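[1] Pasting a predicted model and its sequence here:
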Amino acid sequence: MDFTVEFYVSASGRSPVQEFLDELKQSDPGDHAAVLRGLAKLRDRQNHREPLSKALGGRLFELRHVGKLNTRVMWFFVKGHRIIAVHGIRNKGRAIPARELDTARDRMRDWQERFET
């Protein structure tokens, strides 16, 4: 069964992942296209492991793309074969900065509080 990939939307109506992708499209169209292909691949359960995806702990995962900069989209699973993408970053290092993980976890908690009953 295929999964659907959705973008987190804040209570105020912002979609940080969509904003990240819009900025990426302007700054690096090649990486933008690669990330979109990666997000599409997440629809297939076989792609929920390395090298495309990696578990970060606490129900959070990352979609990984290596280019000029490392591009990552953090996401989690929800019922009904759904994936919610909550945060996107680009960085030079291999490790995800703690503040970026905190942002992704905060958005995941916000989504869960608003939509999981």
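    Perfect, thanks for sending it. Numbering: from 1, shown residues only.
[2] what ranges do the helices span in the protein?
    Counting by DSSP state H, the chain has helices at residues 16-27, 29-41, 98-115.
[3] who touches the last one?
    Residues outside helix 98-115 that contact it (Cβ atoms under 8 Å, 6 or more residues apart in numbering): 8, 10-11, 16, 56, 58-60, 74, 76, 78, 84, 86-87, 89, 91. Backbone N, C-alpha and C define where each C-beta goes, glycine included.
[4] tell me the mean pLDDT over it?
    Average pLDDT, helix 98-115: 97.
[5] How about exporting that helix as CSV, limited to the C-alpha atoms?
    Provided in CSV are the C-alpha atoms of helix 98-115 (Å, rounded to 0.1, in the frame of the first residue of the first chain):
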residue,chain,number,x,y,z
ALA,A,98,20.2,20.3,17.9
ARG,A,99,18.1,23.4,17.4
GLU,A,100,16.9,22.0,14.0
LEU,A,101,15.9,18.7,15.6
ASP,A,102,14.1,20.6,18.4
THR,A,103,12.2,22.6,15.8
ALA,A,104,11.2,19.4,14.0
ARG,A,105,10.1,17.7,17.3
ASP,A,106,8.2,20.8,18.3
ARG,A,107,6.2,20.8,15.0
MET,A,108,5.6,17.0,15.4
ARG,A,109,4.2,17.5,18.9
ASP,A,110,2.1,20.4,17.7
TRP,A,111,0.6,18.3,14.9
GLN,A,112,0.0,15.4,17.3
GLU,A,113,-1.7,17.6,19.8
ARG,A,114,-4.0,19.2,17.2
PHE,A,115,-4.8,16.1,15.1
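[6] thinking again about what came up before, got a markdown table for the helices of the chain, with mean neighbour count and distance to N47 too?
    Output for those, formatted as a markdown table (neighbours: other Cβ atoms under 10 Å; distance: least, Cβ to Cβ, whole Å):
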| stretch | mean neighbour count | distance to N47 |
| --- | --- | --- |
| helix 16-27 | 16 | 18 |
| helix 29-41 | 15 | 4 |
| helix 98-115 | 15 | 19 |
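[7] Right, I'll call it a day here.
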